[in-house]
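Engineer: have a look; sequence and predicted model below, questions after that.
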Amino acid sequence: GAGVSQSPSNKVTEKGKDVELRCDPISGHTALYWYRQSLGQGLEFLIYFQGNSAPDKSGLPSDRFSAERTGGSVSTLTIQRTQQEDSAVYLCASSLGVLVAGDTQYFGPGTRLTVL
Amino acid sequence: AQSVAQPEDQVNVAEGNPLTVKCTYSVSGNPYLFWYVQYPNRGLQFLLKYITGDNLVKGSYGFEAEFNKSQTSFHLKKPSALVSDSALYFCAVRGQDTDKLIFGTGTRLQVFP
């Protein structure tokens, strides 16, 4: 079956531009997560969506970052006025739902963002 | 607060030898524990998880992990390493009363022929 997909796979942009990163979760998964993985670093939680509940935005590093999830499926992570420190791999994951015991997150291949 | 520690940045092992990648955790109550693997330029792939029951969990590609409650550990093991096992391995934990998965910093496994 289809896994989590992300687009684009690579994005190069200039400092100050806005970028949008897309995530298509596994069909039927109600939970969706965004993480950031900087060079040589672990995974930094950004935001997650659970069904129709208000998203947990506690990991967003600044107000330049926002995300939405339309129709409980596709999600878009938007970074406004990009900075060089935003360069990283942005990973999306989905899962059946956090209320499921031992809920497992499945990851997409990531979007590598380079801000020049 | 939840936390995960992977004390080794890198583990080197010869092909055919057993391997261990260490993970310790801190969480309130009973934990859900996970191992993921990341190959170069790829996303994370789920390897195995512990929810409850048998302390020895078997997963993909011949990997297994042992849950040790008294030592709060969940070390990843494989009896005979392959060169193709070389990758970055992440341990993660979630408490039963929380909804966030906390990841360790990762351990790079290098298997030499």
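Structural biologist: Sure thing, it's come through.
Engineer: make it CA atoms for all contacts and neighbour counts henceforth
Structural biologist: Fine.
Engineer: ok, now which ones touch residue 64?
Structural biologist: This is for chain A. Residues in contact with A:Arg64 (CA atoms under 8 Å, 6 or more residues apart in numbering or on different chains) are A:78-82.
Engineer: my bad, the chain I had in mind was chain B
Structural biologist: Taking CA under 8 Å, 6+ apart, one finds B:48, B:56-58, B:76-78 in contact with B:Glu64.
Engineer: ok, 7 Å please
Structural biologist: Applying CA atoms under 7 Å, 6 or more residues apart in numbering or on different chains to B:Glu64 gives the contacts B:56-58, B:76-78.
Engineer: now, of the contacts of A:Arg64, which are buried?
Structural biologist: Buried residues within those, counting neighbours by 16 or more other CA atoms under 10 Å in any protein chain shown: A:78-80, A:82.
Engineer: skip the chain neighbours and tell me the closest residue to the residue most central in space within chain A.
Structural biologist: Geometric centre of chain A, nearest residue: A:Trp34, 2.9 Å, by CA atoms, centre = their mean. In space, and not counting its chain neighbours, A:Trp34 is closest to A:Cys92: 4.6 Å by CA to CA, 6 or more residues apart in numbering or on different chains.
Engineer: all strands for chain B, in order.
Structural biologist: B:3-5, B:10-14, B:19-21, B:24-26, B:31-38, B:44-50, B:56-58, B:64-68, B:73-78, B:87-95, B:102-103, B:107-112 (DSSP state E).
Engineer: and the longest one, which strands flank it?
Structural biologist: Okay, so that is strand B:87-95. strand B:31-38 (antiparallel), strand B:102-103 (antiparallel), strand B:107-112 (antiparallel) (DSSP bridges).
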